[in-house]
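Colleague: Structure for this input, please:
(one chain, ligands or ions: 1)
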Amino acid sequence: MGAVMVRVESHQRPVETRKRYNEEDRESHERPQEERSAAVRQGIVDKVETALSDPKVKSVVICGQNGIFCGGADIKEFGPKMSGPPLIPMIHAIEAANKPVVAAIEGSALGGGLELALGCHYRIAHSKARLGLPEVTLGLLPAAGGSQRLPRLIGVPAALDLITTGRHVTAAEALQLGIVDQVTDNNTVDAAVKFALSVAGQSLDARRISTYPCPQPSHLDALFEEVMQKVRQSARGAMAPVACVQAVRAAATLPYTQGLEREKELMATLFTSGQARALQYIFFAQRAVGRWRMPSGAGWDTSKHRPVNKAAVIGLGTMGQGITVALAQTGLSVVAIETQEKQLMKAKQAVSSTLERGAKRRGVAPPLDRISYSQNIQAVADVDLVIEAVFEDMGLKMEVFQQLSAVCKPGTVLCTNTSALDMDQLASETPNPELVVGMHFFSPAHVMKLLEVVYGPRSSPQAVATAMQLGKKMGKASVVVGNCRGFVGNRMLMPYSEQAFFLLEEGATPELVDRALEEFGFSMGLFRMSDLAGLDVGWRVRKSAGLAEPREASGQSARIRKGYRYSPIADLICEQGRFGQKTGSGWYQYDKPGSRVARSDPWLHSFLEQYRARHGLVARSIDHQEVLERCLYAMINEGFRILEDGIAAGPEDIDVIYVFGYGWPRHRGGPMFYASMVGLAKVLERLEHYHQAHPDVPYLQPCSLLKRLVASGSPPVHRWREVIKKLHSQL
Ligand SMILES: CC(C)(COP(=O)(O)OP(=O)(O)OC[C@H]1O[C@@H](n2cnc3c(N)ncnc32)[C@H](O)[C@@H]1OP(=O)(O)O)[C@@H](O)C(=O)NCCC(=O)NCCSC(=O)C[C@@H](O)CCCCCCCCCCCCC(=O)O
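Modeller: A predicted model of the protein is given here:
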């Protein structure tokens, strides 16, 4: 016997391979996941020990199962009482071995998986493998020696990049960085065995990474200071990236064992923080939303999607252009329709240059020839799916849907990208309403990760499955939601922005509100975000809802509409032609139209003063806490209503929508998770308090699901579905 193989049996088993277990596998997978992970570690410890003490064994190869080396530690098992052998001594024992241990890396070597490989003396990777230390994305740091070994192996700057971003690298980049010793296109285990035998008997002194001195870059202090500043700026209050920098600094400045102690201390702080819980919740929530279900009971596991090879986009404004780019980048043939010739030419140019820029970045050819442009809707006759992205006007959309029904081949799925209109009304324009769903993209559609897939009462599970499958193929975080005004994301935005406008009336400034939200962790405060998106969008929505009418027209007080408090401030700003960045002014002023740097605007401040004076309002001092409570709790309250109405199936759906589409800070886990961390009783109490102070604001009236959850002892977020189910069964 020459080399012995030790298999790492991963807990991250792809769904499709689950059915293919042999009996022995099935038995081990019937154990709880936590126990399985402990058993995996125990297996490695035992097998390595046996191999090392067997004189016939000359070398050891560690490989994974089912084409995956190891995706890292099982985060569900983390806790003060972890069973099975701990990871760090296991890796040390491997590194200390007196026979060469080679990691054969196929699929993924991530987190603890890569840390295990770094404990081996050599690493051979398949060319398609991906490697990385993504712990930071889970609110953690590589705490099985990864933060100490990687800088010793590849240097401080490269290690800082990988550890603070958590980005995965290809095998080719890993080879270039020096993480792996060899890359193969052939059978990785065979290559590793051959390699392991070729180095048998050689000295391992120079192969134990923990014994390497950490390469010292010049100006070490300045480098860390610069990286720390950059990380703090982009982290927006997230602790893990900062701790990652501190851990790498320990590697650069302390002996290995002391660095390891520091790594442990930092991990303990992160581990007990709410941020790690929030980030891990979002990790699982992102996967949970893929297991969608409609009220009929049909869902991801019972509904087969239609194949989509060719798709069409109708309307090539900004949104249509982004969708066209995203579809072409996914590898689909795209028919792009725009009736206005000038706009078609403009869009073609914009789409081509976006595709060229993206292809250049990725070092591939731009998929320009996948797109055919036309002014004639007849060109969509043979497509499998259409995404309508024309101007947000019901009449126009209805006309397009009538035309599509006449032109498309039978079975074509018809999707609308409307952000607020009733998609069921559109469905009623077609002879096959079961084929109609909403695909609500977020701008820019080729960049933003979120997709709301909207079903109406007549949408078939197959149409929903088709849109979800396409979203998955496009790399989107796709969430199935019911049909209502604004769906989930925009519906929750209404109370959020309403409160922000009320706060301006009461004495706040856009700067104060934005600062509070940005310190909370939003990438942009509400007012800066509105300036970016364009204030005319919301104005149009308010007008179509009959809200943004001039006071004289209704004859009512300007601050009351439909019997409730209303702030016309945003409408008045729009009446001045201030639509945000695109016009050079909005809630802030900009150097010129299209400029992105928001500056405080004295005109706006004096406008607010005059407005308050005109309406007899006395400005009072407003603190950040009130901004957060009023804006966020009003939004959360609407989230509970959405759950109550069955528009979203669970809190995870809402949270994924907010994290991936609305800049909600990921380390706070989404609005519903945040509510559970604050405490539902506290959220309820504050809403009651604010509703008492503002009885004419229905969004502040606590909804019955929130009250019911509090009455049932404020269960953790993963148990809310039980309460919601009970509520629905009683309705
Ligand atoms: C691996 C993937 C790339 C696979 O992708 P794929 O698309 O194929 O599949 P899915 O993503 O759908 O996943 C399939 C399935 O698996 C589940 N899953 C995936 N990853 C994990 C995981 N890490 N843990 C648990 N479960 C996982 C997923 O949910 C799916 O399940 P489902 O039921 O939905 O089908 C991809 O999955 C991926 O990228 N995964 C994440 C990779 C990752 O982030 N890895 C890092 C993990 S963290 C880590 O490794 C930490 C290490 O540094 C070790 C640290 C040592 C710790 C020591 C203990 C410290 C405690 C000290 C605290 C003391 C404090 C005190 O005193 O209290």
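Colleague: these two touch, right, residue 677 and residue 274?
Modeller: Yes - counting by C-beta atoms under 8 Å, residue 274 is a contact partner of residue 677 at 5.5 Å. The C-beta positions use only the backbone N, C-alpha and C, and glycine is treated the same way.
Colleague: neighbours around the residue in the stretch 351-500 of the chain that the ligand sits nearest to, how many?
Modeller: Proximity to the ligand, evaluated over the stretch 351-500 of the chain using C-beta to the nearest ligand atom, is greatest for residue 472 at 10.2 Å. By other C-beta atoms under 10 Å, the residues close to residue 472 number 15.
Colleague: element containing it?
Modeller: Here residue 472, judged by DSSP states H and E, is contained in helix 461-473.
Colleague: helices or strands up against that helix?
Modeller: Judged by 3 or more C-beta pairs under 8 Å, 6 or more residues apart in numbering; DSSP states H and E, the packing partners of helix 461-473 are strand 385-388, strand 413-416, strand 436-441, strand 450-455, strand 477-482.
Colleague: hmm, the last one in reach of the ligand?
Modeller: No - no part of strand 477-482 sits close enough to the ligand to count as contact by C-beta under 6 Å from any ligand atom; the gap is at least 12.4 Å.
Colleague: by contact count, what packs against that strand?
Modeller: The contact analysis (3+ C-beta pairs under 8 Å, 6+ apart) places strand 477-482 against strand 450-455, helix 461-473, helix 651-661.
Colleague: Can you give the strand pairings for that strand, parallel or anti for each?
Modeller: Under the criterion DSSP bridges, strand 477-482 sits next to strand 450-455 (parallel) in its sheet.
Colleague: need the contact list for the spatially closest residue to residue 167 that is not a sequence neighbour.
Modeller: Spatial nearest neighbour of residue 167, chain neighbours left out: residue 132 (6.1 Å); criterion: C-beta to C-beta, 6 or more residues apart in numbering. Residues near residue 132 by C-beta atoms under 8 Å, 6 or more residues apart in numbering: 109, 110, 111, 114, 162, 166, 167, 168, 169.
Colleague: And residue 132, what's its pLDDT?
Modeller: Residue 132 carries a pLDDT value of 98.
Colleague: Over to the one 5 residues further on?
Modeller: Per-residue confidence for residue 137 comes out at a pLDDT of 97.
Colleague: Then residue 533?
Modeller: With respect to pLDDT, residue 533 scores 88.
Colleague: if we look at the sheet, which residues does the nearest residue to it once chain neighbours are set aside bridge to?
Modeller: Once flanking residues are discounted, residue 533 sits nearest to residue 580: 7.1 Å by C-beta to C-beta, 6+ apart. Beta bridges link residue 580 to residue 585 when assigned by DSSP bridges.
Colleague: Now do residue 580 against the ligand, distance only.
Modeller: 37 Å (C-beta to the nearest ligand atom, to the nearest Å).
Colleague: wouldn't that residue be in contact with residue 535 here?
Modeller: Yes - checked against C-beta under 8 Å, the pair residue 580 and residue 535 is within contact range at 5.0 Å.
Colleague: list the residues that contact both of these two?
Modeller: 586, 587.
Colleague: ok, then the element right after the helix or strand of the chain with the lowest mean pLDDT?
Modeller: When each helix and strand of the chain is scored by mean pLDDT, DSSP states H and E, helix 23-29 comes last, with a mean of 40. Sequence order places helix 33-53 as the next helix or strand after helix 23-29, per DSSP H and E.
Colleague: So that following helix, near the ligand or not?
Modeller: No - Helix 33-53 lies apart from the ligand when judged by C-beta under 6 Å from any ligand atom; the minimum separation is 6.9 Å.
Colleague: Name the residues of the helix or strand containing residue 396 that are buried.
Modeller: Using DSSP H and E, residue 396 maps to helix 394-407. Applying a neighbour-count criterion of 16 or more other C-beta atoms under 10 Å, one finds 397, 398, 400, 401, 403, 404, 405, 407 buried in helix 394-407.
Colleague: likewise stretch 201-211?
Modeller: For stretch 201-211, the neighbour count (16+ other C-beta under 10 Å) marks 204, 207, 208, 209, 210 as buried.
Colleague: ok, which of these also contact the ligand?
Modeller: Okay, of the buried residues of stretch 201-211, nothing touches the ligand (C-beta under 6 Å from any ligand atom).
Colleague: For these, could you give me JSON lines that also reports distance to residue 291 and secondary structure?
Modeller: Compiled in JSON lines, these are given as follows (distance: C-beta to C-beta, whole Å; DSSP: H, G, I helix; E, B strand; the rest coil):
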{"residue": "204", "distance to residue 291": "46", "secondary structure": "coil"}
{"residue": "207", "distance to residue 291": "44", "secondary structure": "helix"}
{"residue": "208", "distance to residue 291": "44", "secondary structure": "coil"}
{"residue": "209", "distance to residue 291": "40", "secondary structure": "helix"}
{"residue": "210", "distance to residue 291": "42", "secondary structure": "helix"}
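Colleague: for the residue of the stretch 351-500 of the chain closest to the ligand, what are its contacts?
Modeller: Residue 472 makes contact with 290, 478, according to C-beta under 8 Å, 6+ apart.
Colleague: and residue 60, backbone torsions?
Modeller: phi -130, psi 140 (degrees, to the nearest 10).
Colleague: Beta-bridge partners for it, please?
Modeller: residue 4, residue 101.
Colleague: correct me, but it touches residue 51?
Modeller: Yes - if you go by C-beta under 8 Å, residue 60 and residue 51 touch, sitting 4.9 Å apart.
Colleague: picking that back up, closest one of the buried residues of stretch 201-211 to residue 448?
Modeller: residue 209 (39.5 Å; C-beta to C-beta).
Colleague: so the closest one sits right up against residue 118, yeah?
Modeller: Yes - between residue 209 and residue 118 a contact is recorded at 5.8 Å, counting by C-beta under 8 Å.
Colleague: So for these two, which residues contact both of them?
Modeller: 149, 153.
Colleague: Return stretch 408-428 as CSV; C-alpha atoms alone will do.
Modeller: Presented in CSV, the C-alpha positions along stretch 408-428 are these (Å, rounded to 0.1, in the frame of the first residue of the first chain):
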residue,chain,number,x,y,z
CYS,A,408,-47.1,34.4,-29.1
LYS,A,409,-47.0,30.6,-29.7
PRO,A,410,-49.2,28.6,-27.3
GLY,A,411,-47.8,28.1,-23.9
THR,A,412,-45.6,31.2,-23.9
VAL,A,413,-45.3,32.5,-20.3
LEU,A,414,-46.2,36.2,-20.2
CYS,A,415,-44.5,38.3,-17.5
THR,A,416,-45.0,41.9,-16.5
ASN,A,417,-42.3,43.9,-14.9
THR,A,418,-44.8,46.3,-13.3
SER,A,419,-43.7,47.5,-9.9
ALA,A,420,-47.2,48.5,-8.6
LEU,A,421,-50.0,47.8,-11.1
ASP,A,422,-52.5,44.9,-10.7
MET,A,423,-51.0,42.0,-12.7
ASP,A,424,-54.3,40.1,-12.5
GLN,A,425,-56.0,42.9,-14.4
LEU,A,426,-53.3,42.4,-17.1
ALA,A,427,-53.9,38.6,-17.0
SER,A,428,-57.6,39.2,-17.7
